[in-house]
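Enquirer: Sharing a model that was predicted from the sequence below.
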Amino acid sequence: MTSTIDMHCRPATGTPADAYTLGPLQSGPSCCDPEPLIRVENLSLSYDNKPALAGVTLDIYRGCITALIGPSGCGKTSFLSSLNRLTDLIPGCEVEGRILINRQDARAPDLDVQTLRRQVGMIFQKPNPFPLSIRRNLEMPLREHGVRNRSELCDRLERTLTDVGLWDEVKDRLDTPALALSGGQQQRLCLARALALEPSVLLMDEPCSALDPLSSAVVEDLIQRLRGRYTVVIVTHNLAQARRIANYAGFFWVRERAGTLIEFGRCQQIFEEPAHDLTAAYVSGARG
Amino acid sequence: MAKYGLFSMTITSNLDRFMTLAIWSAALLVAAAFLWLLGDVLWHGAAHLSWSFLTEAPENAGRSGGIGPILVSTLMILAVAVAAAVPLGLATAVWLTEFIRPGSSFGRLVGLSLDVLAGVPSIVLGLFGNAFFCVYLGLGFSILAGGLTLACMVLPIFIRTAEAGLRAVPADWRNGAAALGLSRGAALIHILLPAAAPALAAALMLGIGRAMAETAALIYTSGYVDRMPSSLSDSGRALAVHIYDLSMNVAGGDPNAYASALVLITLLIIINSTALWLAENLLQRRIVTA
C-alpha cells in the first residue's frame, strides 16, 4: 500500500441528482459515487480449521457508510478484522479469498501491514485508549509513523480532537490520563486517534454498544459526519442505527456452521424490500 | 421454611466469624514471625554496627574488624547476576508472552525447563556453576563465576513473574496498537512494558532477594576469600557466606554475624524500595491510569 487513497469525495456530475442519493432512509450526501474502494471476493475464514466465514463477496463503496448486520457469531467481526489483517494476530486463523483495497491486494504476502493498518483504521467495541495521557494517545502513533514535527503534531492533535468534538472538553487537560475520560469520550478519543493517521477507511466494530444512550447518540452523530470523507464499515446490532446511518447494508447469517453473506444492497432496499426471506425476518424482528 | 432459613443463617454467621478469626490470625502470625526475626537481628546486631564496621576489613577471621571487602564483593556479585539475568530474562518473558502461539510445544518446553530450574536446590546449582563457569569456562573461583551462577538461579523466578505481569496487560491495548499500525516493538516499548512495570519490578525484587540470600551456590563459585576484590576475576566472599562462616566455623563470631545479618537485611530493604521507586517513577512515568 504505497499509494495513498484519495479521501475526498468527488461530486456526482452528469447524472440525474437522484442517481446517487440513497433514498429517504438516511440523509447521506448525494456525492457517494458507487465506486468500490474495497472489493472482497469469495472470502472464507476459519479458526483452527473450524469455518467462521464462507464465500463472502461484496463491494464497499468509497465515501459511504456500509453497515454489517446479523446475529452474534455470524462472522461480522471476523470479516472486519480480515480487512485490516488483524486476523494475522490470531493464532490458528486462516483466511482465503481476495481482498482488494484501492485495487491493491490487501492479502499480498509482501504488503506492508503497518501501512495498510494506517490507511484502514479500526474502532473497537470497547473503547481502548492506551493508559497514557490524552496527548500521548494521539501523538505516540503519529510519531511511530514518522510524524516528528512539533507543530505538525500539535496541529493534528487539535484538528482531530475538534473533528470528534472533544477539543473543547479536553483542551485544558491534554496531559491528564485518557482513562479518566468517560466511556463516550474515550470512544471519541479512539476515533480521533485513528483519524490522526489520516486513514481512508474506518472499520467500526459495534462502536456504540458499550456506551450509554447519550454518548451513543454523540458517537453516531459523529459517524454520520464522516460520510463522504471516509469510507466507513460498521458492524452493529442496533438495526435502527444501521437504518439511520448506513448507505449500504450487508446481512450475515450462519449457514452450515459458517457465517455467510445472505444479502447485500442499498440500506433502503435491505430494510424495505429485502430479496431474501431471512433478511425480511431479521430486519422485521421476527428472527435473530 | 422461615425456621430453616434462620437456622442456616446462624450457621453461616458462625462460620463467618470463625473464618474471619482464622484469616486474621494467619496474617498476624506471618507479621509476627517477620517482626520477631527482625527484632532478634536488630537486638543482637545493632550494638556492633558502626561506620568502621561497614568500611574496615575483617580481622581475626571476622571476629573483629568490619565487612568492607565483603560488602563490595556482595554488590559486585549482585551486579553481575542482575546484568546477566535481566536482559536475558526480559527477552525470554517477552518471547513467551508476545512471540509464540499460546500452547505451542516449544513454549511449553521452555516453561517446563524454567520450572524445573526454579526447583533445583542451590547446592546443585553451585556444583553446576563450579563445573561449568569455574572449571569448563576457566573463570576459576571468581565474582564473575558467582554472579553468573546466581543469574541461573534468578532467571526462572524473574522470567515467570515478568511473564505473568506481561500476560496481565489487557489484550485490548495489543489489538489497539496493532490496529494503529504500530510495530510490535513500539507496542512493547510504549505500552506493554510500562504497563507491566510494577510486575517487572516485583520480578527484579524477588530475584535480587533470592540472589542476596544465597550461600550454598556461592561457596563453590565465588569462594570465600575475604580480601578486597580488585576485579571481577578475583574471588570474593558474599555477605551470606560471611554470616554462615562466622556462625558455623568461627567460635565467638556470633556478634559480628548478627551485625552482618542486619546489614544484609537493610541492604535488601534499600534495594527493594529502590526497585519499586524506579518502577513507579521511571518505567511508569509515561503510563497514567485513572
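Expert: Happy to help now that I have it.

Enquirer: And the helices in the stretch 101-250 of chain B?
Expert: In the stretch 101-250 of chain B, helices defined by DSSP state H, counting those that start in this stretch lie at B:105-119, B:122-129, B:143-167, B:171-179, B:184-187, B:193-195, B:197-212, B:216-219, B:239-248, listed in chain order.

Enquirer: Which among those helices is found nearest to residue A:139?
Expert: Between residue A:139 and the helices of the stretch 101-250 of chain B, the shortest gap by CB to CB is with helix B:184-187, which sits at 12.6 Å. Just so you know, the C-beta spots here come from the backbone N, C-alpha and C atoms, and that holds for glycine as well.

Enquirer: Just put the helices of the stretch 101-250 of chain B in CSV and tack on distance to chain A, mean pLDDT and mean neighbour count.
Expert: Written out in CSV, the entries for those read as follows (distance: least, CB to the nearest CB, whole Å; pLDDT from 0 to 100; neighbours: other CB atoms under 10 Å in any protein chain shown):
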stretch, distance to chain A, mean pLDDT, mean neighbour count
helix B:105-119, 11, 91, 13
helix B:122-129, 35, 93, 18
helix B:143-167, 14, 93, 25
helix B:171-179, 4, 92, 20
helix B:184-187, 5, 91, 16
helix B:193-195, 6, 89, 21
helix B:197-212, 11, 87, 22
helix B:216-219, 39, 90, 24
helix B:239-248, 39, 92, 22
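
Enquirer: Look up how far chain A lies from residue B:196.
Expert: Separation of residue B:196 from chain A (CB to the nearest CB, to the nearest Å) stands at 11 Å.

Enquirer: How many residues are close by that residue?
Expert: When neighbours are counted by other CB atoms under 10 Å in any protein chain shown, residue B:196 registers 28.

Enquirer: check contacts around it.
Expert: B:162, B:165, B:166, B:168, B:169 (CB atoms under 8 Å, 6 or more residues apart in numbering or on different chains).

Enquirer: again with residue B:63
Expert: B:246, B:250, B:252, B:253, B:256.

Enquirer: between those residues, which is nearest residue B:81?
Expert: Nearest to residue B:81 among those, with distances taken as CB to CB, is residue B:246, at 23.0 Å.

Enquirer: Go ahead and confirm that closest one touches residue B:256.
Expert: Yes - Residue B:246 lies in contact with residue B:256 (CB atoms under 8 Å); the separation is 5.6 Å.

Enquirer: Give the intersection of the neighbour lists for those two.
Expert: Going by CB under 8 Å, 6+ apart, residues that sit against residue B:246 and also against residue B:256 are B:62, B:63.

Enquirer: Excluding chain neighbours, give the residue nearest to residue B:170 in space.
Expert: residue A:128 (7.8 Å; CB to CB, 6 or more residues apart in numbering or on different chains).

Enquirer: Equivalent analysis for residue B:78, please.
Expert: Closest to residue B:78 by CB to CB, 6+ apart is residue B:211, at 5.8 Å.

Enquirer: what does chain A have sitting close to chain B?
Expert: A:84, A:86, A:89, A:91-92, A:113-118, A:121-122, A:124, A:126, A:128-133, A:136, A:140-141, A:144-145, A:176-180, A:190, A:193-194, A:197 (CB under 8 Å from any CB of the partner chain).

Enquirer: Please pick the buried ones from those.
Expert: Applying 16 or more other CB atoms under 10 Å in any protein chain shown to these, the neighbour count classes A:84, A:86, A:113-114, A:116-118, A:121-122, A:124, A:126, A:128-133, A:136, A:140-141, A:144-145, A:177-179, A:190, A:193-194, A:197 as buried.

Enquirer: Which of the residues you listed fall within helices?
Expert: Residues from these lying in helices, with DSSP state H as the criterion: A:113, A:114, A:116, A:117, A:118, A:136, A:140, A:141, A:144, A:190, A:193, A:194.

Enquirer: contacting residues around residue B:168?
Expert: Neighbour list for residue B:168: B:196, B:199 [criterion: CB under 8 Å, 6+ apart].

Enquirer: and it, how far is that from chain A?
Expert: According to CB to the nearest CB, residue B:168 and chain A sit 13 Å apart.

Enquirer: For that residue, grab phi and psi.
Expert: Comment: the main-chain dihedrals of residue B:168 come out as phi -80, psi -10, following degrees, to the nearest 10.

Enquirer: what's the answer for residue A:66, then?
Expert: When read as degrees, to the nearest 10, the backbone of residue A:66 gives phi -110, psi 120.

Enquirer: beta partners for it?
Expert: With DSSP bridges as the criterion, residue A:66 is bridged to residue A:233, residue A:248.

Enquirer: just how off-centre is the helix or strand harbouring residue A:155 within its chain?
Expert: Here residue A:155, judged by DSSP states H and E, is contained in helix A:150-163. Chain-centre distance of helix A:150-163: 22 Å, with CA atoms, centre = their mean, to the nearest Å.

Enquirer: Tell me the secondary structure of the closest residue in space to residue A:61 that isn't next to it in sequence, please.
Expert: Using CB to CB, 6+ apart and skipping residues adjacent in sequence, the residue nearest residue A:61 is residue A:34, 5.1 Å away. When states are read from DSSP: H, G, I helix; E, B strand; the rest coil, the local structure at residue A:34 comes out as coil.
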